[in-house]
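Asks: got a sequence here, can you model it:
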Amino acid sequence: MKINFMLDLETVGLTPGSAIISIALVPFGFAGFSPATAPYYEKINFQSSAAKLSVDSTVLDWWAMQDPEVRNEAFSGTKSLEVVLQEISDYLASFKCDPVIWGKGSDFDNVLLAEAYDRCDIKLPWNFRNNRCFRTLTAIFPYHSFDKINTKKHSALEDAKHQAEWAESIFLSVVAPFQLEH
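Replies: This is a model prediction of the structure:
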């Protein structure tokens, strides 16, 4: 059985191999999962991530200009990168499924996370064929917007929940009726 998971990262870079400071995965889809169902969220110790992955000084400067509360939250991680990656693997395995991982951008979240797994010599916990792009989904259905209400800026968990809710609403209003009719 396949289960969809919306992935969102907060990073200190924009390319594969960039340091990751927080990760969220939110299950969603037709299997009775909703963005309220057991999300995974963790902040990573910056030094641990920077030891294995690269830091882009322009992105670090951008973080320095963010609201201090947002910045402090983003950089408050205490767990090592390797521990968080193993926790993600265990989290996905706990669903006893074939996980489908959705990121916002075909070349960002999934790719950066896969590179982190590779650099830490930990097996990627999903099949590369199960990578999906949320930005493509919303481009295909541009008339189906979904307002973001009362969420924290630059929070991987808030962004993943919002994107999962948006994708779910597209599935339920566009994809599901079509599947039922044909």
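
Asks: which residue ranges form the strands in the chain?
Replies: 2-11, 20-28, 40-43, 98-103, 131-133 (DSSP state E).

Asks: give me the beta-bridge partners of residue 133?
Replies: Residue 133 has these beta-bridge partners by DSSP bridges: residue 103.

Asks: mind checking pLDDT for it?
Replies: For residue 133, the model assigns a pLDDT of 97.

Asks: mind putting the strands of the chain into a markdown table with mean neighbour count and distance to residue 84?
Replies: Backbone N, C-alpha and C define where each C-beta goes, glycine included. Shown next, in a markdown table, are those (neighbours: other C-beta atoms under 10 Å; distance: least, C-beta to C-beta, whole Å):
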| stretch | mean neighbour count | distance to residue 84 |
| --- | --- | --- |
| strand 2-11 | 24 | 11 |
| strand 20-28 | 26 | 6 |
| strand 40-43 | 19 | 5 |
| strand 98-103 | 21 | 15 |
| strand 131-133 | 17 | 20 |
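
Asks: out of those strands, nearest to residue 118?
Replies: Smallest distance to residue 118 across the strands of the chain (C-beta to C-beta): 12.9 Å, for strand 20-28.

Asks: pLDDT weak spots in this protein?
Replies: For the chain, the stretches flagged by pLDDT under 70 are 30-36, 148-151, 175-182.
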